[in-house]
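J.: sequence and computational prediction follow.
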Amino acid sequence: MDEDQIVGYVTAYLKKKGFKQTEKVFQEEFQLNKTISPSDSDIGNQILSFAHLESGPARFHDGYSRLRTWTYSSLDLYKYELLRVLYPVFIHCFMDLVAKAHIQEARNFFNTFREDHEMMHLRDLQKLEGVLSPTHLEEMEFAHSLRQSKFNIKICEYSYELLLQHLHSTQSTTILGIINEHINFQVTPGQPSSISDDPEAVTLTGSSQDAINQINQKEVHWGLLEDSLEERLEKAGALLSDSEKGEGEAKEGDNDESKKRSIEGGKQGASIKKVKKDKGGSATGKSAKPEANIVSTAPRVKPELPLPVIPTEVEHSILEDLRNRVQLSSVALPSVSFYTFINTHNGLSCSSISHDGSLVAGGFSDSSLKVWDMAKLGQQSSSSMSQDENDTSQNQQIPGQGGGKRQYTLFQGHSGPVYAASFSPIGDFILSSSADSTIRLWSTKFNANLVCYKGHNYPVWDVQFSPLGHYFASCSHDRTARIWSMDRIQPLRIMAGHLSDVDCVQWHANCNYIATGSSDKTVRLWDVQSGECVRVFVGHRSMILSLAMSPDGRYMASGDEDGTIMMWDLSSGRCLTPLIGHTSCVWSLAFSCEGSVIASGSADSTVKLWDVNTSTKVPRTEDNKSGNASRLRSLKTLPTKSTPVSALRFSRRNLLFAAGALAKSV
């Protein structure tokens, strides 16, 4: 039905009803509209020109510039909260320009405003700087995660209303669309936050804050395993006062051989309530006593995995170590034994230390794994000795370069750089992970490769034995972590959920959970039995490189690329306090056996000791207001000459082992 027919029907109806005046006005308006009405082609051209104007590259620059100017001119009370919006708007404006093939405009936009975000997000900007075409945008994993996920931003209710009012009044439809699509606001009642650098203010987790809160409400049984060795030792009443024993230090040396065969079963149990008097004075004993009482309150849980049986002779060795353990505190710091790799020519990729410090392993960029036996290091070899020694010593006598004798065991089998190594609790096995996407199990007794585990599709960044052995966990560039057992070539569980590389993995003390640290700046806790994520820890500003679990299972520490260490409460999923002091990457973390001291090793060539009790008791609000709070928690800084610290481990007797490669002095 065309327009003339419709007019005819309307006119006939008006005549029939006798609306002569209305009919006359209708006819006049119809003729007037017909003469001035544009054609369909004119309307189409107007729509196309308007759409072209709206999609022009200048709208991103103008919209962001207006928002930036308004934000910086806001009152200081609201400015710090409103500034949080600029970073996600900035990167999505840039990526939208690249996606629409406005490459030159995108580069100009990026270079004009990048200085605003270099202090907080330098690493992210360096990644995005390489995006030069829409194809790069599609292929870059980091950009893809940004496009697929929403930023969670904390903001007070009034700041949120101010932002919306500004966007509507300036008709910034482009910026409003970006905010609507890529930002999830967590609006809080009351006054704005007084902390300008709240680490949880801007986060990217792939889920809304409500989803994260729901995950963090899941029940976590963080307690210790039932019937652990330490619990049995306490029940048996073996922890008697032995201050009268003057030969305690001598026994520590006599049991070196038995310690080599020991297993880290005691690490997963509660710290012993030792009543041995400290020879240095009564102050140490007084400070250690309440710490032991705190740890002993940890609940007991049942294992979700069938755990291996500890051999009797190994159990005796563990009990001996527990009886001779030195209680550490803020006034009784550990002794440190540092192993330095020399002449590595920047080829050392990772290092690892056995639980008693008798074996030290190094993974190298030439795909080799080398293990040194500290008891035999430097010993003079003879033909008579080599005939009586085992395979390890025979391997050590293989001539090296320059006619010398190499004093390590060489394991070859990987086809790429070795990124991680982990000793079994007894020390009879060692795992290695590599850029060749495989994990290999080696026997330190037979000096042979036993199994090659294949499952990851990309380089495997880390691998860790469980506290009781048999099971191990790995993490990879494929954004997954996997649980394995030594007797199966396929993974038992696959943990998927991170938005980027999973860089480090750590077992919980009770073997029921694993923690993973990722380049997406989050740490996640996974249930080993179900494979589900039960906690998401948000607060780091750069990739997480190291993790450590407290012996009682209550707390977790994580270290990142910027040198910040975060202490977390596993039950609530909240950050207790940040430990700030390192100036470079934190590569390794280790809790002392009773959990009162945590050691951190960094690329800044220092080992730092921190007071755990102070760190977990000081409220975070007080920490943020006090400028010297981290200094109060820092017990001691141990600098090396020029050796970045790549590995740390506390023995069961609370001796701290550390390792690193000597760096060339500039």
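T.: Received it, and whenever you're ready, just let me know what you need.
J.: quick one, strands of the stretch 401-550 of the chain?
T.: Per DSSP state E, counting those that start in this stretch, the stretch 401-550 of the chain carries strands over the ranges 409-412, 418-423, 429-434, 438-443, 448-454, 460-465, 471-476, 480-485, 493-496, 502-507, 513-518, 522-527, 533-538, 544-549.
J.: ok, which of those comes nearest Lys20?
T.: strand 533-538 (74.6 Å; CB to CB). All C-beta spots, glycine's among them, are computed from the backbone N, C-alpha and C.
J.: quick check: mean pLDDT across the closest one?
T.: Across strand 533-538, the average pLDDT comes to 91.
J.: adjacent strands (with direction) for that strand?
T.: strand 522-527 (antiparallel) (DSSP bridges).
J.: got the end-to-end distance for stretch 469-489?
T.: 16 Å (CA to CA, to the nearest Å).
J.: list the buried residues of that stretch.
T.: Buried residues in stretch 469-489, counted by 16 or more other CB atoms under 10 Å: 469-486.
J.: ok, now stretch 157-173?
T.: Neighbour-count burial for stretch 157-173 [16+ other CB under 10 Å]: 158-160, 162-163, 166-167, 172.
J.: dump those to CSV, plus distance to Thr606.
T.: Conversion of these to CSV gives the following (distance: CB to CB, whole Å):
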residue, distance to Thr606
Tyr158, 44
Ser159, 40
Tyr160, 43
Leu162, 44
Leu163, 43
His166, 46
Leu167, 47
Ser172, 48
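J.: quick one: which of these sit in helices?
T.: 158-160, 162-163, 166-167 (DSSP state H).
J.: including pLDDT, could those go into a markdown table?
T.: Listed next are these as a markdown table, based on pLDDT from 0 to 100:
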| residue | pLDDT |
| --- | --- |
| Tyr158 | 88 |
| Ser159 | 89 |
| Tyr160 | 89 |
| Leu162 | 90 |
| Leu163 | 91 |
| His166 | 90 |
| Leu167 | 89 |
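J.: which one of those residues sits closest to Glu594?
T.: Looking across those and measuring by CB to CB, the closest to Glu594 is Ser159, at 45.2 Å.
J.: so the closest one touches Tyr78, yeah?
T.: Yes: the criterion here is CB atoms under 8 Å, and Ser159 meets it with Tyr78 at 4.7 Å.
J.: what touches both of the two?
T.: Pro192 (CB atoms under 8 Å, 6 or more residues apart in numbering).
J.: among the strands of the stretch 401-550 of the chain, which is nearest Phe341?
T.: The nearest among these, by CB to CB, is strand 418-423 at 12.9 Å.
J.: mind saving the C-alpha coords of the closest one as CSV?
T.: C-alpha atoms of strand 418-423 as CSV (Å, rounded to 0.1, in the frame of the first residue of the first chain):
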residue,chain,number,x,y,z
VAL,A,418,65.2,-25.8,31.8
TYR,A,419,63.0,-23.3,33.7
ALA,A,420,62.4,-25.1,37.0
ALA,A,421,63.7,-28.0,39.1
SER,A,422,62.2,-29.6,42.2
PHE,A,423,63.7,-32.2,44.5
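J.: how about the buried residues of stretch 157-173, which pair is most distant?
T.: Longest span within these, CB to CB: Tyr158 and Ser172, 19.6 Å.
J.: export the ones in helices among the buried residues of stretch 157-173 to JSON lines and append columns for distance to Ala298.
T.: Below are these laid out as JSON lines (distance: CB to CB, whole Å):
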{"residue": "Tyr158", "distance to Ala298": "43"}
{"residue": "Ser159", "distance to Ala298": "42"}
{"residue": "Tyr160", "distance to Ala298": "42"}
{"residue": "Leu162", "distance to Ala298": "47"}
{"residue": "Leu163", "distance to Ala298": "45"}
{"residue": "His166", "distance to Ala298": "51"}
{"residue": "Leu167", "distance to Ala298": "51"}
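J.: now, which of those sits nearest Ala211?
T.: For those, the nearest to Ala211 is Tyr160 (20.1 Å; CB to CB).
J.: contacts only, for that closest one.
T.: Per CB under 8 Å, 6+ apart, neighbours of Tyr160: 185, 187.
J.: quick one: buried residues of whichever helix in the chain runs longest?
T.: Secondary structure of the chain per DSSP H: the longest helix is helix 20-36. For helix 20-36, burial by neighbour count (16+ other CB under 10 Å) applies to Glu23.
J.: and that helix, how far out from the chain middle?
T.: 73 Å (CA atoms, centre = their mean, to the nearest Å).
J.: does anything pack onto that helix? Which helices or strands?
T.: helix 3-17 (3 or more CB pairs under 8 Å, 6 or more residues apart in numbering; DSSP states H and E).
J.: who's in contact with the helix it packs on?
T.: Residues contacting helix 3-17 (CB under 8 Å, 6+ apart): 20, 22-23, 26-27, 30.
J.: in it, which residues are buried?
T.: Quick answer for helix 3-17 (16+ other CB under 10 Å): Leu14.
J.: about what we covered before: distance to Leu176 for the strands of the stretch 401-550 of the chain - can I get that in TSV?
T.: Below are the strands of the stretch 401-550 of the chain laid out as TSV (distance: least, CB to CB, whole Å):
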stretch	distance to Leu176
strand 409-412	59
strand 418-423	44
strand 429-434	46
strand 438-443	49
strand 448-454	49
strand 460-465	40
strand 471-476	39
strand 480-485	36
strand 493-496	34
strand 502-507	35
strand 513-518	31
strand 522-527	28
strand 533-538	26
strand 544-549	34
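J.: of those, which is nearest Asp562?
T.: strand 544-549 (10.0 Å).
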